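Visitor: got a sequence here, can you build the structure:
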Amino acid sequence: PGVVRPYRDHLAWLARQDGEAARRAWDHALDGFDEPAFVAPHVPPTPVAPARVTAEVDVPGTRALHALARAHSTTLNTVAQAAFALLLGRMTGRDDVVFGGTVSGRPPELPGVERMIGLFVNTLPVRVRLHPAETVGDLLRRIHDEQAELLPYHHVGLAEIGRGPLFDALLVMENYPLDSRTGVGDLVLTGADVADATHYPITLLLVPGDTLRLRLQYRPDVITEAGATALLERFRSLLAELAAAPGTPAGRLTQLPPGERDPVPDHGNGATVALPATTLAALFEAQVVRTPEATALVYEGEELSYAELDARVNRLARLMAAEHGVGPETVVALLLPRSADLLVAVYAVVKAGGAYLPVDPDLPAARIASMLADARPVLVVDADWLSGADLSGYAGTGPGLRAEPGHPAYVIYTSGSTGRPKGVVVTHGAIVNRLLWAQSEYRLGPGDRVLQKTPAGFDVSVWEFFWPLQTGAALVVARPDGHRDPSYLAGLVASERITVLHFVPSMLAAFLEALPAEGTAAPSSGGAPEPPAAGRRTPGETEAAGAAGAAGAAGAGSLRVLLCSGEALPPALADEAATRLGVPVHNLYGPTEAAVDVTFWEHRPDPDATTVPIGGPVWNTRLHVLDRWLRPVPDGVEGELYLAGDQLARGYLGRVGLTAERFVAC
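Guide: Got it, this is the predicted structure:
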């Protein structure tokens, strides 16, 4: 019994194994697993010296884990595998994960194998499918049974499995610890602290004993020490959850240590600000009172003061209400090109208490018909309707009619890129929150001139329509299709001394290309009007005009704020815009299902940046990053962005079921 068996006996045993049966077994085990869930998918394969962090499960916790394993006829290694699979599933957002596991590699059917000296240990894939409704106990038993079926094939190497890279995370149970009591014959093995070079981003080692010791080796070029420490703490916390609740469905485990279990992290909350209960119409009316003679609207040579615009809006609003039943909870479709008439119609609808639905008249007839059939507006306003409207009997003064903050202000349809287009209903209270936040952040005033160029069917147009005319600024409306012509826009920005401007990043790039080089003349706006006469300017406007004149040759010298949204903003483009225009660049983000923008970020040049962040939430807005089971994910882990708070839309027009599905209970 003390004789050491030669390693060649093991090699002979390997030669006798049925390689075809082993391949079939591993093919079956990995059937359907086609997309590895890598922890760090872009890590170069070059081995590096690992760093490490350690932790320990205390004596009671270790005993509880052993008791859990015994209760379900499994091993501590199986418990560790279950915890590691759940952790990786959470990190990668996958419910089918594969990681590396080490096996002893000593076949029990080989006589004397325990007394052989040689390399037996093997690294093999461990596949775990995660089912959120499956209890912890059932998960343990299933992992144990699936691994038991592969025991006869633990001798197969990864190369023989032949599926390419399957994992980049490794779990090791050190169940043969080296110490002075270990020996074979006259050979005594002494303890050693070994740090191997590794190409795996993370290798988690578990050393059993009275306390279960945990050691996470990680690539410091991929994971920070803080990230590795947090990861190890999550694993330790998950072990405790498994031991405490074997009958709990796996999907209900928080997988977070107590300090990370706050369902609404502080960094996900915008400032809580008490706002007045008001509407778009009321905010505009208050500004009319403050600056009745100031320029409100500029379009193709036409100017309207605040008082003149208000009078036109009031007459149209009263006609809509009296003759067409426009009021709260009604929809008015506007089939008008961008123009002064469009702006008057938008304001008239909200003054009458209704919700306006912009419909681009250039859309295919079938798309227009589908939108109108879905929205069922009480009135469809087009150029013919406007030209035939008799406003002579309606007053041009007085407040708006019946809208309240909870009533819909507008309906905008989604693009339909993910299915049938949906009409999103946004209330006055939601968009007012967005506009008052923007005013606090960017401070429009009588000296500002804002360009309205976004098509009305996109929600950025909403703040362009309303924000300037709540602050005393002038709104300059681009001609139809002018938003597609960067040279025209460059000329219009220069000639109209625009101070606040929005671009989607792709159009921003084209706009910068259209700007003249420094020291050359500004491009023609292709018919853009001359600046308004000085007699029509407020003192603030006159001051802005003087400032613009000194830099107008660059084509955009009047600008003071540039806003971007609608697409990912490349850092290089943001840097170029900030440098060439000499203004801060602000990146904003928001889906149609909220009142325009819900996050904001002032760009800060960084030569190492690969993205421009979307930033943090605006007032009275909360952000959650959740997994597929609506659980908060840890920092640094992918998830879906969920929004909550005052700017969330009411839902989808006429689609109660879809609203309930997408606007989930918080």
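Visitor: strands of the stretch 451-600 of the chain, start to end?
Guide: 474-477, 500-503, 561-564, 585-589, 599-602 (DSSP state E, counting those that start in this stretch).
Visitor: got the phi/psi numbers for Val126?
Guide: Phi and psi for Val126, reported as degrees, to the nearest 10, are phi -120, psi 110.
Visitor: just give the closest residue to it, not the sequence neighbours.
Guide: Gly101 (4.0 Å; Cβ to Cβ, 6 or more residues apart in numbering). Every residue, glycine included, has its C-beta placed from N, CA and C.
Visitor: do I have it right that Ala514 meets Ser487?
Guide: Yes - at 4.6 Å, Ala514 and Ser487 qualify as touching, with contact defined as Cβ atoms under 8 Å.
Visitor: give me phi/psi at Arg215?
Guide: Per-residue torsions, Arg215: phi -140, psi 120 (degrees, to the nearest 10).
Visitor: let the chain start at 895 from now.
Guide: Happy to do that; since the first residue is 895 now, the last one works out to Arg1109.
Visitor: ok, it - contacts?
Guide: Arg1109 is in contact with 946-948, 1098-1101, counting by Cβ atoms under 8 Å, 6 or more residues apart in numbering.
Visitor: buried only: go through those residues for me.
Guide: Listed as buried from the contacts of Arg1109 are 947, 1098-1101; burial here means 16 or more other Cβ atoms under 10 Å.
Visitor: nearest to Leu1136, of those residues?
Guide: Checking those against Leu1136 with Cβ to Cβ, the nearest one is Leu1100 at 13.7 Å.
Visitor: CA atoms of the host helix or strand of the closest one as CSV?
Guide: If you go by DSSP states H and E, Leu1100 is part of strand 1096-1101. The C-alpha coordinates for strand 1096-1101 follow below in CSV (Å, rounded to 0.1, in the frame of the first residue of the first chain):
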residue,chain,number,x,y,z
ILE,A,1096,-11.1,36.4,-12.5
THR,A,1097,-10.2,33.1,-10.7
LEU,A,1098,-12.1,32.4,-7.5
LEU,A,1099,-10.4,30.0,-5.2
LEU,A,1100,-12.1,28.4,-2.1
VAL,A,1101,-10.2,26.7,0.6
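Visitor: gap between it and the chain center?
Guide: Computed by Cα atoms, centre = their mean, to the nearest Å, the separation of strand 1096-1101 from the middle of its chain amounts to 32 Å.
Visitor: tell me the helices and strands packed up against that strand.
Guide: Counting contacts by 3 or more Cβ pairs under 8 Å, 6 or more residues apart in numbering; DSSP states H and E, strand 1096-1101 packs against helix 970-986, strand 1063-1067, strand 1106-1112, helix 1119-1138.
Visitor: point out the most buried one among these.
Guide: The highest mean neighbour count among the helices and strands packed on strand 1096-1101, using mean count of other Cβ atoms under 10 Å, belongs to helix 970-986: a mean of 23.
Visitor: now that helix against helix 1119-1138, angle please.
Guide: 130 degrees (axes from the mean of the first three to the mean of the last three Cα atoms, to 10 degrees).
Visitor: closest to Val1305 out of the buried ones among the contacts of Arg1109?
Guide: Checking these one by one against Val1305 (Cβ to Cβ), the nearest turns out to be Leu1098, at 51.9 Å.
Visitor: Arg917 and Glu1054 touch, don't they?
Guide: Yes - shown here, Arg917 and Glu1054 form a contact pair, counting by Cβ under 8 Å, at 7.2 Å.
Visitor: these two: who's more crowded?
Guide: Applying other Cβ atoms under 10 Å to Arg917 and Glu1054 shows that Arg917 carries more neighbours, namely 15 against 12.
Visitor: below-threshold pLDDT in this structure: ranges please.
Guide: By pLDDT under 70, the weakly predicted segments of the chain are 895-896, 1069-1092, 1149-1161, 1292-1295, 1311-1312, 1412-1450.
Visitor: if we use 50, what do you get?
Guide: 1073-1074, 1413-1415, 1419-1448 (pLDDT under 50).
Visitor: sec struct for Ala1267, please.
Guide: For Ala1267, the assignment made with DSSP: H, G, I helix; E, B strand; the rest coil gives helix.
Visitor: measure it to Arg1109 for me?
Guide: 64 Å (Cβ to Cβ, to the nearest Å).
Visitor: also Gln1333?
Guide: 54 Å.
Visitor: ditto for Ala906
Guide: Taken as Cβ to Cβ, the span from Ala906 to Arg1109 is 36 Å.
Visitor: same check on Ala1175?
Guide: Ala1175 is 65 Å from Arg1109, by Cβ to Cβ.
Visitor: again, but for Gly1545
Guide: Per Cβ to Cβ, Gly1545 is found 50 Å from Arg1109.
Visitor: for Thr1148, same thing?
Guide: 24 Å.
Visitor: repeat that for Arg902.
Guide: For Arg902, the distance to Arg1109 - Cβ to Cβ - is 34 Å.
Visitor: go on, Leu1363?
Guide: Relative to Arg1109, and taking Cβ to Cβ, Leu1363 is found at 64 Å.
Visitor: ok, Ala1404 next?
Guide: In terms of Cβ to Cβ, Ala1404 sits 54 Å off from Arg1109.
Visitor: select, out of the helices and strands packed on strand 1096-1101, the one closest to Gly1247.
Guide: helix 970-986 (47.8 Å).
Visitor: tell me the strands beside the helix or strand just after that closest one, with direction?
Guide: Following helix 970-986 in sequence order, the next helix or strand is strand 990-997 (DSSP H and E). For strand 990-997, the paired strands and their directions (DSSP bridges) are strand 1016-1023 (antiparallel), strand 1063-1067 (parallel).
Visitor: distance to Val1207 added to those strands, as CSV?
Guide: Listed next are these as CSV, based on distance: least, Cβ to Cβ, whole Å:
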stretch, distance to Val1207
strand 1016-1023, 61
strand 1063-1067, 62
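Visitor: now for those strands, which one comes closest to Leu1285?
Guide: Relative to Leu1285, the nearest member of the strands paired with strand 990-997 by Cβ to Cβ is strand 1016-1023, separated by 67.7 Å.
Visitor: show residues contacting the closest one.
Guide: Contacts for strand 1016-1023 (Cβ under 8 Å, 6+ apart): 923-924, 927, 975-976, 979, 983, 989-997, 999, 1037, 1040-1041, 1044, 1048-1052, 1055, 1060-1061, 1064-1065.
Visitor: repeat that for stretch 1193-1211.
Guide: Residues contacting stretch 1193-1211 (Cβ under 8 Å, 6+ apart): 1178-1179, 1181-1182, 1185-1191, 1220, 1233-1234, 1237-1239, 1241-1243, 1245-1246, 1283, 1285, 1288-1292, 1294-1295, 1363, 1370-1371, 1373, 1421, 1423, 1426, 1430.
Visitor: mind checking which of those residues are buried?
Guide: Here, 16+ other Cβ under 10 Å leaves 1178-1179, 1181-1182, 1185, 1188-1191, 1220, 1233-1234, 1237-1239, 1241-1243, 1245-1246, 1288, 1294-1295, 1363, 1370-1371, 1373, 1423, 1426 buried among these.
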